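Asks: Here's my sequence, what's the structure:
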Amino acid sequence: MDYILTADALCKRYRHFQALDDFSIHVPKGAIYGFIGKNGAGKTTLIRLICGLQEPTSGSYALYGARNTEPGIAKHRRRMGAVVETPSIYLDMTAEDNLKEQYRIIGLPSFDDIPELLELVGLADTGRKKAKNFSLGMRQRLGIAIALAGNPDFLVLDEPINGLDPIGIAEVRSFIRELCDARGKTILISSHILSEISLLADDIGIIDHGALLEEESLAELEQKSSKHIRFTLSDTAQAARILERNFHENHFSIQDDHNLRLHNLDLPVGKIVTAFVENGLEVSEAHTCEESLEDYFKRVTGGEGIA
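Replies: The predicted structure is shown next:
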């Protein structure tokens, strides 16, 4: 698979606080990657590192295959656009003037595509209205428009829906999806709002206390948290062999040495338990469970979960 961003054993320490700890990540090209964690988990720290705003304490990351220690990394960063924490906009300027200023800063020779960019983010009709009179959602969209100046391949958005009302969230979510599907952008979007990211992302990374705990596609994550039959027994490896041999079933997942999840709800639980016992397994529990995404996050992070 072709990855835009990878990291290996990445660490960032601020005096007595470990913000990133042996961190790894793999962001596939052409996907929306949902970077999920509670406030303070390390999301913004990673974004600041890959944008070149800070240096890692140890470990490394790569953009487009170029390591952060290589001289050419600056060239690859120019293929990125980012909104870090809050959008950097001039409140006394219009949306168009904000974009013109950004074009000047990064050395773009022409303003010709600014109207198209304003149309893309839904700000084409703001006219002479100054950004200080924009709603929070409009400011977020202007910030993303500024990040899109120069037509970057890779867009990094730090909590872009934070503080928005439901209409603003839906608007931002819709055009982020369009940027990926219609324009081929790769997007890393950090958030602590799990319910919204699950409606948007193709891939999910879960960060907690500076470490990446899980990384998988949204489909894989949903399968882990879907309705299933949970068996607690003496040996899951042997149970797996029995399911495959006796029931021709491989739609299951082994959680650890004693917990197995069967995702095919059509199989007869009584017959499965009987087969387990007849083959010398001790079965202490077998019941149907349905775990929400929020429940799954609580279990993975060992905490209170995410909004």
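Asks: how about the strands in this structure?
Replies: Under the criterion DSSP state E, the chain contains strands at 3-14, 17-28, 32-36, 58-63, 66-67, 80-83, 154-158, 186-191, 203-208, 211-217, 227-233, 252-254, 259-262, 283-290.
Asks: could you redo those strands as JSON lines and give each row mean neighbour count and mean pLDDT?
Replies: Backbone N, C-alpha and C define where each C-beta goes, glycine included. Formatted as JSON lines, the strands of the chain follow (neighbours: other C-beta atoms under 10 Å; pLDDT from 0 to 100):
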{"stretch": "strand 3-14", "mean neighbour count": "18", "mean pLDDT": "94"}
{"stretch": "strand 17-28", "mean neighbour count": "18", "mean pLDDT": "95"}
{"stretch": "strand 32-36", "mean neighbour count": "26", "mean pLDDT": "94"}
{"stretch": "strand 58-63", "mean neighbour count": "18", "mean pLDDT": "95"}
{"stretch": "strand 66-67", "mean neighbour count": "14", "mean pLDDT": "92"}
{"stretch": "strand 80-83", "mean neighbour count": "23", "mean pLDDT": "92"}
{"stretch": "strand 154-158", "mean neighbour count": "24", "mean pLDDT": "94"}
{"stretch": "strand 186-191", "mean neighbour count": "25", "mean pLDDT": "94"}
{"stretch": "strand 203-208", "mean neighbour count": "22", "mean pLDDT": "93"}
{"stretch": "strand 211-217", "mean neighbour count": "17", "mean pLDDT": "91"}
{"stretch": "strand 227-233", "mean neighbour count": "18", "mean pLDDT": "90"}
{"stretch": "strand 252-254", "mean neighbour count": "16", "mean pLDDT": "88"}
{"stretch": "strand 259-262", "mean neighbour count": "20", "mean pLDDT": "92"}
{"stretch": "strand 283-290", "mean neighbour count": "12", "mean pLDDT": "88"}
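Asks: So which of these is nearest residue 298?
Replies: strand 203-208 (10.9 Å; C-beta to C-beta).
Asks: circling back: in a markdown table: the strands of the chain, plus distance to residue 275.
Replies: As requested, those are exported to a markdown table (distance: least, C-beta to C-beta, whole Å):
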| stretch | distance to residue 275 |
| --- | --- |
| strand 3-14 | 42 |
| strand 17-28 | 39 |
| strand 32-36 | 38 |
| strand 58-63 | 47 |
| strand 66-67 | 52 |
| strand 80-83 | 54 |
| strand 154-158 | 50 |
| strand 186-191 | 44 |
| strand 203-208 | 35 |
| strand 211-217 | 30 |
| strand 227-233 | 11 |
| strand 252-254 | 14 |
| strand 259-262 | 12 |
| strand 283-290 | 10 |
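Asks: Appreciated, that's everything.
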